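> give me the fold of what follows.
(6 chains)
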Number of protein chains: 6
Amino acid sequence: MTDTWLPSLQTPTPEEGYALAIKLSRMAVKMTQPDDAVRQQLRTIYERDAAMLTATSAIVATHFQTVAAANNYWKD
Amino acid sequence: MTDTWLPSLQTPTPEEGYALAIKLSRMAVKMTQPDDAVRQQLRTIYERDAAMLTATSAIVATHFQTVAAANNYWKD
Amino acid sequence: MTDTWLPSLQTPTPEEGYALAIKLSRMAVKMTQPDDAVRQQLRTIYERDAAMLTATSAIVATHFQTVAAANNYWKD
Amino acid sequence: MTDTWLPSLQTPTPEEGYALAIKLSRMAVKMTQPDDAVRQQLRTIYERDAAMLTATSAIVATHFQTVAAANNYWKD
Amino acid sequence: MTDTWLPSLQTPTPEEGYALAIKLSRMAVKMTQPDDAVRQQLRTIYERDAAMLTATSAIVATHFQTVAAANNYWKD
Amino acid sequence: MTDTWLPSLQTPTPEEGYALAIKLSRMAVKMTQPDDAVRQQLRTIYERDAAMLTATSAIVATHFQTVAAANNYWKD
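I've put the predicted structure just below:
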């Protein structure tokens, strides 16, 4: 992880804000379980498990709330 | 996914805001599991499982909070 | 679903705001599982399952937060 | 349920605000499962189940957030 | 429970705000299950169960959000 | 725990804000289960369990929301 994985919460468009929310939701997993191989194994579970996919979507929703507020909802 | 799946968080009415919240909640699943066939299988589970439907509704609630704020609660 | 299921987030009183929050929490389920018969079956589960009732209550709490903010907490 | 179960979100003190948050969290259960006898049965489960108590506490936290904001955090 | 368990949401420091968030998260459990002995039993479960500890931490996060806002994030 | 584990919610950069959110999410676990050995055991579970990792990520998301707001989203 370098200094630059999260330079800013500002994004030019809502879509990029949503992509950032996904990145933010994955980073916590990466920091808790830094081993790439273990994470890859878990990822296989996430991708095929309805409950896990739903849980992931909930986290993205919370981060998107933050990112959207940071961008004043891209209203400006 | 094109540049235009999320052009804006602004919607003319609350109903359209709610529909956008549903779209936002599904997009995270789509981005985590891009395979349409697998998603279709999982969708069958969601639709008949009370816990999954509830979890989905919770995510919609969070996104609707964001969309409603973005539209100043359609008060203007 | 007609254009009018959600005409506004404004309600005259907190009680009506709470009722709207319940409506908002149910609508996501309706849109994900449009089949009335299946939903009725699931509803029987919700009503007797402590975990489901609790999950439902959590969703209402999030929507009530949105509706309360939309009404400036009925302070005006 | 009468017109008066939720006359206002304003409370004189934080403690009363917290009590209101508990009331708000229970009301969704009451409205989803209006049968007192069934609810009483479920209540017995809640009270002895760690996971249910925790889930209840989470809902109270969300409602308390709403009530606290409605009272400007009792700062005035 | 006396009148004074929650005199204010204001705390001099962020640390004390965090401690208050923990107190707020426990109080809902206390009010739902007032029997000390039962609560003590459940507490033993919480302390050794990863899922329960995580759920508790989530509630603290929500309350800390409220307390932090009440203190204007201790910026003043 | 000393007076200084949480001196401030302000951080110079978003990355450091995210790191603080992770710290905040862990501290509730530490305060609920102060025994290092038990926590270390539980940590082994978290790190290999997809559901636990996801739950942890959700808590980080809530705390990051708080920290981001405290820093005015690092816009200044």
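
> quick one: is the helix ranked longest in chain A near chain B?
Scanning chain A for the longest helix, with DSSP state H as the assignment, gives helix A:50-70. Yes: using Cβ under 8 Å from any Cβ of the partner chain, helix A:50-70 reaches chain B at A:50-51, A:53-58, A:60-62, A:64-65, A:68-69. Backbone N, C-alpha and C define where each C-beta goes, glycine included.

> do stretch A:59-76 and chain C meet?
No: using Cβ under 8 Å from any Cβ, stretch A:59-76 stays clear of chain C, with a minimum separation of 10.1 Å.

> is that stretch anywhere near chain F?
Yes: against chain F, stretch A:59-76 shows contacts by Cβ under 8 Å from any Cβ at A:59, A:62, A:63, A:65, A:66, A:69, A:70.

> switch those residues over to a markdown table; also include distance to residue A:19, pLDDT and neighbour count.
Output for the residues of stretch A:59-76 next to chain F, formatted as a markdown table (distance: Cβ to Cβ, whole Å; pLDDT from 0 to 100; neighbours: other Cβ atoms under 10 Å in any protein chain shown):
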| residue | distance to residue A:19 | pLDDT | neighbour count |
| --- | --- | --- | --- |
| A:59 | 14 | 96 | 28 |
| A:62 | 15 | 98 | 25 |
| A:63 | 11 | 98 | 30 |
| A:65 | 15 | 98 | 21 |
| A:66 | 14 | 98 | 24 |
| A:69 | 17 | 98 | 17 |
| A:70 | 14 | 98 | 22 |
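
> got the residues of chain A near chain B?
So chain A meets chain B at A:13-15, A:18, A:22, A:46-48, A:50-51, A:53-58, A:60-62, A:64-65, A:68-69, A:73-75 (Cβ under 8 Å from any Cβ).

> residues from chain A in reach of chain F?
Going by Cβ under 8 Å from any Cβ, the residues of chain A near chain F are A:3, A:5-10, A:24-29, A:31-33, A:38, A:42, A:45-46, A:49, A:51-52, A:55-56, A:58-59, A:62-63, A:65-66, A:69-70.

> repeat that for 6 Å
A:6, A:9, A:25, A:28-29, A:31-33, A:42, A:45-46, A:52, A:55, A:59, A:62-63, A:66, A:70 (Cβ under 6 Å from any Cβ of the partner chain).

> would you mind listing which of those residues are buried?
A:6, A:9, A:25, A:28-29, A:32-33, A:42, A:46, A:52, A:55, A:59, A:62-63, A:66, A:70 (16 or more other Cβ atoms under 10 Å in any protein chain shown).

> pull the most distant pair out of the residues you listed.
A:42 and A:70 (28.9 Å; Cβ to Cβ).

> give me the angle between the lowest-mean-pLDDT helix or strand in chain A and helix F:50-70.
Here the helix or strand of chain A ranked lowest by mean pLDDT, DSSP states H and E is helix A:36-48, holding a mean of 86. On the basis of axes from the mean of the first three to the mean of the last three Cα atoms, to 10 degrees, helix A:36-48 is oriented at 90 degrees to helix F:50-70.

> residues contacting the closest residue to chain E within chain A?
Per Cβ to the nearest Cβ, residue A:62 is where chain A lies closest to chain E, at 10.1 Å. Shown in contact with residue A:62 (Cβ atoms under 6 Å, 6 or more residues apart in numbering or on different chains): residue F:61.

> for the residue of chain A found nearest chain C, report the pLDDT, please.
Relative to chain C, the nearest point of chain A is residue A:61 (10.1 Å; Cβ to the nearest Cβ). Listed pLDDT for residue A:61 reads 97.

> residues near it, how many?
26 (other Cβ atoms under 10 Å in any protein chain shown).

> please apply the same query to residue A:48.
14.

> got it, and residue A:51?
18.

> contact residues of chain A facing chain C?
Going by Cβ under 6 Å from any Cβ, none of the residues of chain A are near chain C.

> for chain A, give me the ranges with low pLDDT.
A:1-3 (pLDDT under 70).

> could you redo the last one with a cut-off of 90?
A:1-4, A:29, A:32-34, A:41-55, A:76 (pLDDT under 90).

> which pair in the residues of helix A:50-70 next to chain B spans the largest distance?
Using Cβ to Cβ, the pair of those lying farthest apart is A:50 and A:69, separated by 29.4 Å.

> what about residue A:57, how many neighbours?
Neighbours of residue A:57 under the rule other Cβ under 10 Å: 27.

> so it touches residue B:59, yeah?
Yes: because the distance of 5.2 Å satisfies Cβ atoms under 6 Å, residue A:57 is recorded as touching residue B:59.

> what touches both of these two?
Contacts common to residue A:57 and residue B:59, judged by Cβ under 6 Å, 6+ apart, are residue B:25.

> tell me the secondary structure for the residue of chain A positioned farthest from its centre?
Each residue of chain A has a distance to the centre, and by Cα atoms, centre = their mean the biggest one is for residue A:76: 24.0 Å. Of the three states, residue A:76 takes coil according to DSSP: H, G, I helix; E, B strand; the rest coil.

> check which helix or strand covers the closest residue to residue A:53 other than its chain neighbours.
Leaving aside its sequence neighbours, residue A:53 sits nearest to residue B:29 (Cβ to Cβ, 6 or more residues apart in numbering or on different chains; 5.0 Å). Per DSSP states H and E: residue B:29 is located in helix B:14-32.

> any idea of the angle that helix forms with helix C:14-32?
Using the same axes, to 10 degrees: helix B:14-32 against helix C:14-32 is 50 degrees.

> how far does helix B:14-32 sit from its chain's centre?
Averaging C-alpha positions (Cα atoms, centre = their mean, to the nearest Å) puts helix B:14-32 2 Å from its chain's average.

> need the contact partners of that helix.
Against helix B:14-32 from outside (Cβ under 6 Å, 6+ apart): A:22, A:53, A:56-57, A:60, B:11, B:59-60, B:63-64, B:67, B:71, B:74, C:6, C:9, C:31.

> how does it look with 8 Å?
A:18, A:22, A:46-47, A:53-54, A:56-57, A:60-61, A:64, B:1, B:5-6, B:9, B:11, B:39, B:42, B:56, B:59-61, B:63-64, B:66-68, B:71, B:74, C:3, C:5-9, C:24, C:27-28, C:31-32 (Cβ atoms under 8 Å, 6 or more residues apart in numbering or on different chains).
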